[in-house]
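Colleague: Fold the following for me, if possible:
(chains A and B)
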Amino acid sequence: MIILVLRVFNTMTRKKETFVPIEKGKVRMYVCGPTVYNYIHIGNARPVVVFDTVRRYFEYRGYEVNYVSNFTDVDDRLINASKERHIPVPQIADQFIKAFLSDIRALNVKKATVNPRATETMPEIIAFIGRLVETGYAYPVHGDVYFRTRKFQDYGKLSHQSVDDLKSGARIEIGENKEDPLDFALWKAAKPGEIKWKSPWGEGRPGWHIECSAMVEKYLGDTIDIHAGGTDLVFPHHENEIAQSEALHHKTMAHYWLHNGHIQINNEKMSKSIGNVILVHDLIQKYDPQVIRFFILTVQYRHPINFSDELLNDAVQAFGRLKTAAFNLRERVGDRDVDDSAFQEKGDHYRQDFISAMDDDFNTANAIAVLFDIVKDANIALQQTNAEPGQLAGYLNVLLELSGVLGLKLESHETSILDSEIEDLIKKREQARNQKQFALADQIRGELKSKGIVLEDTVQGVRWRRDQE
RNA sequence: GGCGGCAUAGCCAAGCGGUAAGGCACGGGUCUGCAAAACCCUUAUCCCCGGUUCGAUUCCGGGUGUCGCCUCCA
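Modeller: Okay, the predicted model is just below:
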């Protein structure tokens, strides 16, 4: 057996590096989660799907993964939504956390180990800011607290920008009292009527970046293996997290920084002003959520990915090929517990290919190609009337195993029609066919088709499967 | 202006020093009562110009195009 090493692209070094965990057999990872002021769009869904796949792969390789992803449940956007809808911030947060969990469940995303909420991490956040003030890395002004960016020597190391370059883009908003335009808020004083918490600097709420630093420390420790999120978070969000955490700990915050590319719509940036934001909530009404997950994984996670109905429909076809093969194998193998040990060597061959694809910075595009290799070979085997059941079971098992690592479910859809009714209709159709009453036979086939049942006449007899309705 | 990504068949997308994986679509064929599913066959010298090399899509330099970050943003 070849010893394979997992290599991951680290934004910090801009290189693929061999993954070495802090603790043998364990992975501590933190993925920046959503601000829960609305339903998530597909751009929010990409990191969720991608890093869930990363997590599943680590688990497949025998790691125990501690996966933490936050909910930002208080910030300007929530406060604005609260004002507009005349609903308290916590109620809005609850509503969209629930919606988020439901959306990602549809995408077959595993539950995080912990989903901490900013508002439930308030003591740790305030204490964190307090320590930064004590050490001179932060300063309070009129109820706000800012991070003293220039005091942190390494500022800009993740985004590879010098402090002076960054300064040209930085601004001081009206009402802010920063010493330097690059300084950022750790604590914001509450305006009248806003949701607020007590702190040594007055009533207010945390800045955006501090919650992640506090949560990483609380749930995962001073140094973690992987910190991940969308590419837009590199600056300023992750840069600021590093500044906060490393100023305090004098240790590397994360060994590997992973960032996914953005999703575009018809080759345009997805944005509210263009009006092309697609919510997961809506998209899964139109497409099988598994197809959406599949589509996201057909592209290497760091690259941009374009969404359009045309591309999604191609994905429906492609994913259908995987599902059909799984159906047909299952139909031949049945529920029997078939010994597939003779297939071991061949199965390992596919596993090996799959692993070397995924070991290369989670190359899901190549991993999916392995799935199609299996399907190709399995389809050839399926054509043999006397195919070994163990062989077919072997193909089925390895196909389900590896697609499962990607979080893809190759299962049939629910249909209202019962198996017995289907079998009866198939019998009637067979009688009609034997009597050359093809019009009647085709009518029955059409009837079943309208109920989501596809009939196929094969050398081995009639087979049927539930298709998408 | 600073930093970065990308440019591979009709479309999507891997490969990244030894003459191009996979998927979708198209065309031809096999199978079928007709279909469907599937299988077989067919489809690319990898944006342009230089350089390094025995050899470059793959490395280096220059160009062109395109997208993104530098401000809330997955």
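Colleague: Which helix in chain A has the most residues?
Modeller: Scanning chain A for the helix with the most residues, using DSSP state H, yields helix A:309-333.
Colleague: That helix near RNA strand B anywhere?
Modeller: Yes: part of helix A:309-333 sits close enough to RNA strand B to count as contact by C-beta under 7 Å from any atom of the strand, namely A:310, A:311, A:313, A:314, A:317, A:318, A:321, A:324, A:325, A:328. The way it works is simple: take the backbone N, C-alpha and C, and place the C-beta from them, glycine included.
Colleague: Tell me the one of the residues you listed nearest RNA strand B?
Modeller: Distances from the residues of helix A:309-333 next to RNA strand B to RNA strand B were compared by C-beta to the nearest atom of the strand; the smallest belongs to residue A:318, at 2.7 Å.
Colleague: What score does that closest one have for pLDDT?
Modeller: Note on residue A:318: pLDDT of 96.
Colleague: what do you get for residue A:434?
Modeller: Residue-level pLDDT assigned to residue A:434 equals 90.
Colleague: again, but for residue A:466
Modeller: In the predicted model, residue A:466 carries a pLDDT score of 82.
Colleague: Can you name the residues bridging to it?
Modeller: residue A:453 (DSSP bridges).
Colleague: Work out the gap between the longest helix of chain A and the centre of the chain.
Modeller: For helix A:309-333, the distance from its own C-alpha centre to the chain's C-alpha centre is 21 Å (C-alpha atoms, centre = their mean, to the nearest Å).
Colleague: Going by neighbour count, which residues of that helix are buried?
Modeller: Residues of helix A:309-333 classed as buried by neighbour count (16 or more other C-beta atoms under 10 Å): A:312, A:315, A:319-320, A:322-333.
Colleague: And for stretch A:87-99?
Modeller: Using 16+ other C-beta under 10 Å as the burial criterion, the residues of stretch A:87-99 that qualify are A:89, A:92, A:93, A:95, A:96, A:97, A:99.
Colleague: same deal with stretch A:445-463?
Modeller: Using 16+ other C-beta under 10 Å as the test for burial, stretch A:445-463 gives A:445, A:448, A:452, A:453, A:455, A:463.
Colleague: Just read off the phi/psi values of residue A:27.
Modeller: phi -130, psi 130 (degrees, to the nearest 10).
Colleague: mind listing what it touches?
Modeller: Contact criterion C-beta atoms under 8 Å, 6 or more residues apart in numbering gives A:21, A:55, A:58, A:63, A:64, A:65, A:66, A:225, A:226 as the residues in contact with residue A:27.
Colleague: just the buried members of these?
Modeller: For those, a neighbour count by 16+ other C-beta under 10 Å gives the buried set as A:21, A:55, A:58, A:63, A:65, A:66, A:225, A:226.
Colleague: Quickly note the distance from the closest residue to residue A:328 other than its chain neighbours to residue A:360.
Modeller: Spatial nearest neighbour of residue A:328, excluding adjacent residues (C-beta to C-beta, 6 or more residues apart in numbering): residue A:382 at 5.7 Å. Distance of residue A:382 to residue A:360, computed by C-beta to C-beta, to the nearest Å: 31 Å.
Colleague: of these two, who's got more company?
Modeller: Comparing residue A:382 with residue A:360 by other C-beta atoms under 10 Å, the one with more neighbours is residue A:382, at 21 against 18.
Colleague: thought the more buried one was touching residue A:391?
Modeller: No: using C-beta atoms under 8 Å, residue A:382 is not in contact with residue A:391, being 10.0 Å away.
Colleague: Give me the number of neighbouring residues for residue A:259.
Modeller: 22.
Colleague: where does it land on pLDDT?
Modeller: 95.
Colleague: And residue A:75, by the same measure?
Modeller: 93.
Colleague: which ones are touching it?
Modeller: If you count contacts by C-beta under 8 Å, 6+ apart, residue A:75 has them with A:35, A:37, A:205, A:208.
Colleague: Which one (most neighbours) among these?
Modeller: Neighbour counts for the contacts of residue A:75, by other C-beta under 10 Å, peak at residue A:205, which reaches 24 neighbours.
Colleague: Quick one: name the residues of the stretch 301-450 of chain A near RNA strand B.
Modeller: A:302-306, A:310-311, A:313-314, A:317-318, A:321, A:324-325, A:328, A:360, A:363, A:365-366, A:368-369, A:372-373, A:375-376, A:379-380, A:382-383, A:433, A:438, A:441-442, A:445.
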